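In: no letters, just coordinates:
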């Protein structure tokens, strides 16, 4: 299982790094992280954009799956469902907690709850991750 610092180094040069996602905990059944609500991640009203919530939650579920992979495996999201409940204001920090609902050989299901700085539930995202052999992945473009 990769340690927290290694996982953070892997996500930093990708979209999660661009979003400013900071991993706080990564265990086989739970992942926690935080993200600052910056103006460039918001709607015109200064509220965290729905796509930012979704990308934040998708990252946590993917990290949870990666923690559970065996050598030679990789993962991709196959399904995601988001329920928006409340807004998070620009300049605050949201916290996400993702818990494993199912950790099977070929799929894993993770549910992420995103909370405002005041502890109010903002969104709930449930996603399915496909677990596959890394050799089954299509070749990358030149």
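Out: On my side now, so go ahead. The model shown is predicted, which means the values in this text are computed figures rather than measured ones. Numbering: from 1, shown residues only.
In: burial measure for residue 6, as a count.
Out: Neighbour count of residue 6, defined by other CB atoms under 10 Å: 10. Where C-beta positions appear, they are placed from N, C-alpha and C, glycine not excepted.
In: show the pLDDT at it.
Out: At residue 6, the pLDDT value in this model is 96.
In: after the helix or strand containing it comes which helix or strand?
Out: For residue 6, the host element (DSSP states H and E) is helix 4-11. Following helix 4-11 in sequence order, the next helix or strand is helix 15-19 (DSSP H and E).
In: and that next one, what's buried?
Out: Counting neighbours by 16 or more other CB atoms under 10 Å, one finds that the buried residues in helix 15-19 are 16, 19.
In: cool, and stretch 66-84?
Out: Neighbour-count burial for stretch 66-84 [16+ other CB under 10 Å]: 66, 67, 68, 69, 73, 75, 80, 82.
In: from the contact counts, what lies against the longest helix seen in the chain?
Out: As assigned by DSSP state H, the longest helix anywhere in the chain is helix 50-68. If contacts are counted by 3 or more CB pairs under 8 Å, 6 or more residues apart in numbering; DSSP states H and E, helix 50-68 sits against helix 4-11, helix 15-19, strand 22-27, strand 30-36, strand 73-84, strand 93-103, strand 107-115, strand 121-133.
In: measure the residue nearest to residue 59 when sequence neighbours are not counted to residue 135 for me?
Out: Nearest non-adjacent residue to residue 59, counting by CB to CB, 6 or more residues apart in numbering: residue 16, 4.4 Å away. Using CB to CB, to the nearest Å, one gets 25 Å for the distance from residue 16 to residue 135.
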